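J.: Build me a structure from this.
(4 chains)
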There are 2 protein chains.
Amino acid sequence: MTASDKADEQRFLEEYNPKDYLSPLVTVDVAIFTLIEGRLHVLLVKRANHPERGRWALPGGFIDAGQDTTLSEAAARKLEEKTGVTAPYLEQVYTVGDNTRDPRGWSVTVLYMALMAHAPTAAFVDSVADTRWWPLADAMGQDLAFDHRQLLDAARQRLSNKTAYTVLPVHTLDAPFTLTQLQQAFEEVLGAALEKKSFRRRILSADILDEVGEAPPPGGRGRPAALFRAKAGLGEHAFVRVVGEGK
Amino acid sequence: MTASDKADEQRFLEEYNPKDYLSPLVTVDVAIFTLIEGRLHVLLVKRANHPERGRWALPGGFIDAGQDTTLSEAAARKLEEKTGVTAPYLEQVYTVGDNTRDPRGWSVTVLYMALMAHAPTAAFVDSVADTRWWPLADAMGQDLAFDHRQLLDAARQRLSNKTAYTVLPVHTLDAPFTLTQLQQAFEEVLGAALEKKSFRRRILSADILDEVGEAPPPGGRGRPAALFRAKAGLGEHAFVRVVGEGK
DNA sequence: CAAAATTAGTGGCTTTACGCCAACAATAAC
DNA sequence: GTTATTGTTGGCGTAAAGCCACTAATTTTG
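T.: Below you'll find the predicted structure:
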């Protein structure tokens, strides 16, 4: 860059005023999933303000240019405000933007998906007004704010697609868990039954779980199961194909 | 919604002024890949304006709130402006946003990846000033504008990851093509050799190609190969695992 | 306290997919 | 014609996956 170029750029930046540009509003929304009594649930918030006041919506909102330095930080912040915890798994799904989804004009939303165990969130979520876990089918069945029904559907699809070659569902369970619970989590997310022997072979040979002794029979019948928890640092990458058809 | 609610909302919308909000600038960038003489190339544009004037960058720019009604439409528009064609494959990769990547402050970029055959673009691309196809390694080797090196890398990774379970590389070839060419396209994208028999077994049993007669020997040696083209409507979904290790 | 019920975990056979390599086929170069 | 070169197919050994029944360790029930 020559000296005159540098001067040029300086001038450019001084003359630049963001209010001269009509930029879209940018929001971040998060589809937070957990497993409650074996069923997949999603966290929704009843909107307190216009537009769409009174409708249930995914947690989210505007970027706070002062507070947030990164999109994923913004997503993590919104998530913690509603659940009180840091999610063990947070992933960007996709971004929608157009001039029809919000009455205010061009708007852009970056959708994230998060997974977490239910127990640590239960008390906190109860304490936040107009916020609750919904069974996924019920959430999809109602008239959500904006295009959140589509967003939720996209997140759900991402989750089940990725479950074909990762171990994402572990993040929805409270540790420690049994292999049967884990298999049921996979089955719930996939909406399909898995073959027991194959599932166990693959999960165990993937070497992503630590065994933590026997199950103290919590009122359960039958032979007590071995207990496991996810190995530390299993945050992002754990590519394991754990799926077939099976009865 | 009650009547007073409706009035409320009306008032809200009338009082709303986008210039009251400091929104991030939103841009769309596209990593356009093609295969030239068997090597993967990416289209870059030399920036004509500040900031980063003179550096090579991915095609892209601001959303035109007047012209674009959708993010992907904006991406398609930028792509067509530079290549003269409509890409057979366009996919959103991910969105970066923070307050450090652009000297103007908070900015958000939605990254797309596109695949296309080279031949139909060659003449047009030549005619566009400061725009050319770069061999991928050369593109990655230089000092690209903004964080475009990372964006390009992310797009490349998405392409090779997805090639493990889709047939994306077909979109980089001029039709018709031979199975050997297709295999070489896969190998170039994956950076690894594939086993011939397995590759053919899977591609053919996937039933995504139409055979179009014999190859007119174009100066080539050896037995002439059968020619194929992708079945119509293979745009998005064609999930086929076509990869192993191989010699 | 014994038998039945229930859930966890394993053995072992069958089937399928894949990697590998060699044979065969069709063309150009010499 | 013979050789070199590239495309295409056959067939076999191996590893993984599906399947189903059997064993194991508990609680429940009569």
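
J.: Touching stretch A:141-152 from outside, list them.
T.: Contacts of stretch A:141-152 with the rest of the structure, by CB atoms under 8 Å, 6 or more residues apart in numbering or on different chains, involve A:29, A:31, A:42, A:44, A:47, A:51-52, A:55-58, A:93, A:96, A:101-102, A:109, A:111, A:139-140. Every residue, glycine included, has its C-beta placed from N, CA and C.

J.: Need phi/psi at residue A:209.
T.: phi -120, psi 150 (degrees, to the nearest 10).

J.: Could you pull up the residues touching the residue nearest to it when sequence neighbours are not counted?
T.: Leaving aside its sequence neighbours, residue A:209 sits nearest to residue A:228 (CB to CB, 6 or more residues apart in numbering or on different chains; 4.2 Å). Counting by CB under 8 Å, 6+ apart, residue A:228 makes contact with A:175, A:176, A:177, A:178, A:179, A:182, A:209, A:210, A:211, A:212.

J.: surely the fourth one meets residue A:225?
T.: Translated: residue A:178. Yes: Residue A:178 lies in contact with residue A:225 (CB atoms under 8 Å); the separation is 3.7 Å.

J.: What residues sit buried inside stretch A:27-47?
T.: For stretch A:27-47, a neighbour-count test (16 or more other CB atoms under 10 Å in any protein chain shown) marks A:27-35, A:40-45, A:47 as buried.

J.: Could you restrict those to the ones contacting DNA strand C?
T.: Applying CB under 7 Å from any atom of the strand, the subset of the buried residues of stretch A:27-47 adjacent to DNA strand C is empty.

J.: roughly how far apart are residue A:180 and residue A:112?
T.: Here residue A:180 is placed at a distance of 30 Å from residue A:112 (CB to CB, to the nearest Å).

J.: Settle it for me: which of these two has more neighbours?
T.: Neighbour totals were compared for residue A:180 and residue A:112, and residue A:112 leads with 27 against 13 (other CB atoms under 10 Å in any protein chain shown).

J.: Chain neighbours aside, what residue packs nearest to that one?
T.: residue A:75 (4.2 Å).

J.: OK, contacts around the one you found?
T.: With CB under 8 Å, 6+ apart, residue A:75 has these contacts: A:28, A:30, A:60, A:90, A:92, A:110, A:112, A:114.

J.: try residue A:82
T.: A:32, A:43, A:45, A:59, A:125, A:128, A:131.

J.: Give me the domain ranges for chain A.
T.: Annotated domains of chain A cover A:24-149, A:168-230 [automatic domain parsing].

J.: Would you mind writing the CA trace of the one helix or strand residue A:78 maps to as PDB?
T.: Residue A:78 belongs to helix A:71-83 when assigned by DSSP states H and E. In PDB, the C-alpha atoms belonging to helix A:71-83 read as follows (Å, rounded to 0.1, in the frame of the first residue of the first chain):
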ATOM      1  CA  LEU A  71     -22.000 -13.700  17.000                       C
ATOM      2  CA  SER A  72     -21.500 -16.900  18.900                       C
ATOM      3  CA  GLU A  73     -20.800 -14.900  22.100                       C
ATOM      4  CA  ALA A  74     -24.200 -13.200  21.600                       C
ATOM      5  CA  ALA A  75     -25.800 -16.600  21.200                       C
ATOM      6  CA  ALA A  76     -24.200 -17.900  24.300                       C
ATOM      7  CA  ARG A  77     -25.200 -14.900  26.200                       C
ATOM      8  CA  LYS A  78     -28.900 -15.200  25.300                       C
ATOM      9  CA  LEU A  79     -28.800 -18.800  26.100                       C
ATOM     10  CA  GLU A  80     -27.300 -18.200  29.600                       C
ATOM     11  CA  GLU A  81     -29.800 -15.500  30.300                       C
ATOM     12  CA  LYS A  82     -32.600 -18.000  29.900                       C
ATOM     13  CA  THR A  83     -31.200 -21.200  31.300                       C
END
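
J.: Just give me how far it sits from the chain centre.
T.: Put simply, helix A:71-83 sits 11 Å off its chain's centre (CA atoms, centre = their mean, to the nearest Å).

J.: just stretch A:83-100 next, same as before
T.: 7 Å.

J.: Give me the distance between the two termini of that stretch.
T.: Using CA to CA, to the nearest Å, the span of stretch A:83-100 from its first residue to its last is 30 Å.

J.: cool, and stretch A:118-135?
T.: End-to-end span of stretch A:118-135 (CA to CA): 13 Å.

J.: And for stretch A:57-71?
T.: Stretch A:57-71 end-to-end distance (CA to CA) = 19 Å.

J.: Show me which residues of that stretch are buried.
T.: Neighbour-count burial for stretch A:57-71, counted by 16+ other CB under 10 Å, picks out A:57, A:58, A:59, A:60, A:61, A:62, A:63, A:65, A:68, A:71.

J.: Roughly how far does the closest residue to residue A:177 other than its chain neighbours sit from residue A:167?
T.: Spatial nearest neighbour of residue A:177, excluding adjacent residues (CB to CB, 6+ apart): residue A:228 at 6.3 Å. Taking CB to CB as the measure, residue A:228 falls 12 Å from residue A:167.

J.: Which of the contacts of residue A:82 fall in helices?
T.: residue A:125 (DSSP state H).

J.: so which of the contacts of residue A:82 comes closest to residue B:162?
T.: Using CB to CB, residue A:32 is the member of the contacts of residue A:82 that sits closest to residue B:162, with 26.2 Å.

J.: continuing past the helix holding residue A:78, what's the next helix or strand?
T.: Next element after helix A:71-83 (DSSP H and E): strand A:89-98.

J.: Can you name the two of the buried residues of stretch A:27-47 that sit furthest apart?
T.: Within these, A:27 and A:35 form the most distant pair, 27.1 Å apart (CB to CB).

J.: need the contact list for the most centrally placed residue in chain A.
T.: Centroid check for chain A by CA atoms, centre = their mean gives residue A:114 as the closest residue, at 1.7 Å. Residues in contact with residue A:114 (CB under 8 Å, 6+ apart) are A:30, A:31, A:32, A:33, A:75, A:79, A:87, A:89, A:90, A:91.

J.: from those, which single one is nearest residue B:220?
T.: Nearest member of these to residue B:220, counting by CB to CB, is residue A:91, at 46.1 Å.

J.: if I read this right, that closest one contacts residue A:79, doesn't it?
T.: No: applying CB under 8 Å, one finds residue A:91 not in contact with residue A:79, separated by 11.9 Å.
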